[in-house]
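Q: the following comprises the amino acid sequence and a computationally predicted model.
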Amino acid sequence: ALPLLNVFSPVASIREAARAPAAIGAALQLLNGVTFVAEGIMQGHQAFFPLARNAAVAAGGLVLSLRTFGSTLSGVWCSF
């Protein structure tokens, strides 16, 4: 993902500022894929209560993470 940053902006300072969020976003795609597969399996097995519990825990973790790291763009991306 990082070599493509040169395509989106000719300004070096913008490319440098976008480097960390781009790397974080690329890494999170792997986690998202595993999460969607697991949620699909749980829905297929009609395990709705554990699925709701996992969503509640994840939402709580998101709120705590945003309160701790949410003051920067990279912090917001890492929180999600």
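A: Received, thanks. Numbering: from 1, shown residues only.

Q: tally of neighbours for residue 37?
A: Residue 37 has 10 neighbouring residues, counting by other C-beta atoms under 10 Å. Every C-beta, even on glycine, is put in place using the N, C-alpha and C of the backbone.

Q: off-centre distance for the helix or strand containing it?
A: Residue 37 is part of helix 12-44 when elements are defined by DSSP states H and E. The offset between the C-alpha centroid of helix 12-44 and the centroid of the whole chain comes to 5 Å, using C-alpha atoms, centre = their mean, to the nearest Å.

Q: what comes up buried for the helix or strand that comes right after it?
A: Following the chain from helix 12-44 toward its C-terminal end, the next helix or strand by DSSP H and E is helix 48-69. For helix 48-69, the buried set under the neighbour-count rule, 16 or more other C-beta atoms under 10 Å, comprises residue 51.

Q: now do helix 48-69 against helix 12-44, angle only.
A: 160 degrees (axes from the mean of the first three to the mean of the last three C-alpha atoms, to 10 degrees).
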